[in-house]
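# any chance you can model this:
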Amino acid sequence: MYFILKKRTVIIAMTVLLFALCVPAVIGAFGGNEAVETVAENTNWGLGFKEDGKPPTGNASVADLAKHNAYYIGDTSKNIIYLTFDAGFENGNTEKILDSLKKHNVKATFFLVGNYIETSPELVERMVEEGHTIGNHTYSHPDMSKISDEESFKKELQSLESLYKETTGQELLKIYRPPQGKYCVSNLEMADKLGYKTIFWSLAYVDWYENKQPTKEEAFNKLLKRIHPGAIVLLHSTSKTNGDILDELLTKWEDMGYSFGEIKDLIS
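Now for the predicted structure:
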């Protein structure tokens, strides 16, 4: 009986420990403004916008993220935008996006997965040639918050690193974006240990459903109203809407007094 009780106590203790490291951010859904003060309680990156044109609050603070070399926003005293794209696969929109970036002389960051590099190496080469930064979006795009062992976590990042070097001959800059923004504190610690800086975002919109694309008006309603100083913007290169509006969007942001920075400068 003593052995059974002791075993049960150990199991309970282990469960509590895992829960503390990677508990989902349900507090924000049910607890109003109490929501989330430390990264240890989150597994889904989220934002709260209180006023158009002003920086949002993240469900982990700038200070908490900084402890693990993680970022979601730049200097909020400067009208600088850091433009990033997540690219899980290629469906015909990237060339138009690259054309618009080139026209405006904007250098973006593309977070790539293994499938993208394997199937579209010519586009990856173009990104590099035109001065864009490539970031690590993992090799196979899993829910990284469910990966608790360092070897499996490292394999996802290093497999992408190796593929990128084989394709371009260059070393990958060690910046990492968790797929779907799913993370927990142990993920941030593991990424930091591998020399990576984790990059979240302070502005995004629902642009990833291939068969349910937002209209131009819907896109501008979010991306113009909510742009703010120091914004790290996340767009998806799979979005036809993004391909269609990017030239005009960049013009409108410029007319609003914004210029464009690079993630690699933000984290240096």
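# which stretches of the protein aren't confidently modelled?
Counting by pLDDT under 70, the low-confidence segments of the chain come to 1-42.
# how about the helices in it?
2-22, 27-30, 62-66, 94-104, 114-119, 121-129, 150-168, 185-193, 216-223, 240-255, 263-266 (DSSP state H).
# can I get the ones you listed in CSV with distance to residue 138 and mean neighbour count?
For every residue, glycine as well, the C-beta is placed using N, CA and C. CSV is the format used below for the helices of the chain (distance: least, CB to CB, whole Å; neighbours: other CB atoms under 10 Å):
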stretch, distance to residue 138, mean neighbour count
helix 2-22, 17, 11
helix 27-30, 25, 13
helix 62-66, 19, 14
helix 94-104, 19, 18
helix 114-119, 8, 18
helix 121-129, 16, 17
helix 150-168, 4, 17
helix 185-193, 11, 21
helix 216-223, 26, 16
helix 240-255, 22, 18
helix 263-266, 17, 18
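# how about the ones you listed in a markdown table, adding distance to residue 176?
Below are the helices of the chain laid out as a markdown table (distance: least, CB to CB, whole Å):
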| stretch | distance to residue 176 |
| --- | --- |
| helix 2-22 | 17 |
| helix 27-30 | 24 |
| helix 62-66 | 13 |
| helix 94-104 | 21 |
| helix 114-119 | 14 |
| helix 121-129 | 17 |
| helix 150-168 | 6 |
| helix 185-193 | 5 |
| helix 216-223 | 24 |
| helix 240-255 | 22 |
| helix 263-266 | 11 |
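# relative to residue 210, which of these is closest?
helix 240-255 (8.0 Å; CB to CB).
# who's in contact with the residue lying closest to residue 214 once chain neighbours are set aside?
Spatial nearest neighbour of residue 214, chain neighbours left out: residue 241 (5.3 Å); criterion: CB to CB, 6 or more residues apart in numbering. Residues in contact with residue 241 (CB atoms under 8 Å, 6 or more residues apart in numbering) are 207, 213-216, 219.
# at 10 Å instead, please
By CB atoms under 10 Å, 6 or more residues apart in numbering, the contact set of residue 241 is 93, 205, 207, 213-216, 218-220, 235, 249.
# right, so of the helices of the chain, which gets closest to residue 55?
So among the helices of the chain, helix 62-66 is nearest, using CB to CB, at 9.6 Å.
# list phi and psi for the nearest residue to residue 266 once chain neighbours are set aside.
Of all residues not flanking residue 266 in the chain, residue 74 sits nearest, at 5.1 Å (CB to CB, 6+ apart). Backbone dihedrals for residue 74, given as degrees, to the nearest 10, come out at phi -100, psi -150.
# OK, contacts around residue 74?
55, 62, 80-82, 202, 229-232, 261, 263, 265-267.
# among those residues, which are in strands?
Of the contacts of residue 74, the ones assigned to strands by DSSP state E are 80-82, 232, 261.
# of these, closest to residue 111?
residue 232 (11.5 Å).
# burial of the closest one, as a residue count?
Number of residues near residue 232 (other CB atoms under 10 Å) recorded here: 23.
# number the chain from 19, please
Done: numbering now begins at 19, and the last item shifts to residue 250.
# how close does it get to residue 150?
Residue 250 sits 15 Å away from residue 150, taking CB to CB, to the nearest Å as the criterion.
# wait, doesn't residue 186 sit right on residue 152?
Yes: contact criterion CB atoms under 10 Å: residue 186 and residue 152 qualify, at 8.0 Å.
# overlap of the contact sets of the two?
With CB under 10 Å, 6+ apart, residue 186 and residue 152 have common neighbours 135, 142, 145-146.
# residue 126: which of those residues is nearest?
Using CB to CB, these come closest to residue 126 at residue 145, 8.4 Å.
# and stretch 127-143, C-alpha only, in PDB?
These are the backbone C-alpha positions of stretch 127-143, laid out as PDB (Å, rounded to 0.1, in the frame of the first residue of the first chain):
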ATOM      1  CA  THR A 127      11.900  38.200 -43.100                       C
ATOM      2  CA  PHE A 128      10.500  34.900 -44.500                       C
ATOM      3  CA  PHE A 129      10.000  32.100 -41.900                       C
ATOM      4  CA  LEU A 130      10.300  28.900 -43.900                       C
ATOM      5  CA  VAL A 131       9.500  25.200 -43.300                       C
ATOM      6  CA  GLY A 132      11.200  22.200 -44.900                       C
ATOM      7  CA  ASN A 133       8.500  21.700 -47.500                       C
ATOM      8  CA  TYR A 134       8.900  25.200 -48.800                       C
ATOM      9  CA  ILE A 135      12.600  25.000 -49.300                       C
ATOM     10  CA  GLU A 136      12.400  21.500 -50.900                       C
ATOM     11  CA  THR A 137       9.700  22.400 -53.400                       C
ATOM     12  CA  SER A 138      10.600  26.100 -54.100                       C
ATOM     13  CA  PRO A 139      14.400  26.400 -53.900                       C
ATOM     14  CA  GLU A 140      14.300  29.000 -56.700                       C
ATOM     15  CA  LEU A 141      12.100  31.300 -54.700                       C
ATOM     16  CA  VAL A 142      14.300  30.800 -51.600                       C
ATOM     17  CA  GLU A 143      17.300  31.800 -53.800                       C
END
